[in-house]
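Enquirer: Following is a predicted model, sequence given first.
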Amino acid sequence: MKKGIIMFMLLLSAAYFISCEKDDICAEGTPTTPSVVIEFYERDNRTQPKSVLNLRVIAENMETPVLFSGSDVTSANTIRIPLRTDADTTTYRLIYNATATNGTRNEDRITFNYTRNEIYVSRACGYKTHFYLGPDPNNDVLLQDTGDNFWISEVGVERTNIEDQNEAHIYIYF
């Protein structure tokens with residue numbers, strides 16, 4: 001009887017340790033919530049990538065801009081910006097030539113409308129969120145009228161599923 005109890009306790013302990021997952025560290029490289037990838041293109045030649053001069057991106061109702069490689073301003077033809085995981089809409093102010101003092105600074109607002117799907121990754125990593133633009137394809141990404149001169153002429157949706165950051169989701173022509 002005593003051997004049976006000891007054997008049962010050993011099997012129970014082994015089962016416990018085998019079923020546990022390492023929960024203290026989320027491994028580097030584990031897929032997390034993706035950002036939306038935006039590529040900028042020449043308005044008149046839609047196959048020609050074009051860098052935005054001194055671009056600053058600020059979320060609605062925020063003062064702190066999105067950081068690009070440690071700076072709040074970038075001159076690039078591709079950017080990655082996060083979407084809100086606690087709401088079905090995110091609005092950003094995209095400021096062209098943000099550091100200019102001679103009046104050439106220009107700001108446009110873009111609103112992303114989407115649905116969210118939370119996916120369990122692990123105890124260490126928690127959840128990640130995938131985004132799906134829409135459900136109305138005519139209102140998934142809106143360029144808002146700010147009353148100023150627009151620097152963005154058109155916004156195109158390339159991929160409605162934002163599940164990774166491998167390819168562009170949005171094209172902006174200016």
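Expert: Sure, I can see it. Remember, it's a predicted structure, so these values are computed and weren't measured experimentally.

Enquirer: Which strand residues bridge Asn106?
Expert: Tyr96 (DSSP bridges).

Enquirer: isn't it right up against Asn97?
Expert: Yes - counting by CB atoms under 8 Å, Asn106 does reach Asn97; the two are 6.5 Å apart. Quick note: C-beta positions are derived from backbone N, CA and C, even for glycine.

Enquirer: Give me the distance between the spatially most central residue of the chain and Trp151.
Expert: Closest residue to the average C-alpha location of the chain: Ser35 at 1.6 Å, with CA atoms, centre = their mean. From Ser35 across to Trp151, the span is 22 Å (CB to CB, to the nearest Å).

Enquirer: again with Thr33
Expert: 29 Å.

Enquirer: And Asn113, by the same measure?
Expert: 22 Å.

Enquirer: What residues are bridge-paired with the closest residue to Thr32 other than its chain neighbours?
Expert: Spatial nearest neighbour of Thr32, excluding adjacent residues (CB to CB, 6 or more residues apart in numbering): Lys128 at 5.2 Å. Note on Lys128: beta-bridge partners by DSSP bridges are Ile119.

Enquirer: circling back: any idea how far the residue nearest to the centre of the chain lies from Asn45?
Expert: Applying CB to CB, the value for Ser35 to Asn45 is 27 Å.

Enquirer: how far does stretch 159-173 stretch from start to finish?
Expert: 16 Å (CA to CA, to the nearest Å).

Enquirer: Now do the helices in the protein.
Expert: Here the chain has its helices, by DSSP state H, at 2-19.

Enquirer: Tell me where it is predicted with low confidence.
Expert: Scanning the chain for pLDDT under 70 picks out the ranges 1-24, 146-149.
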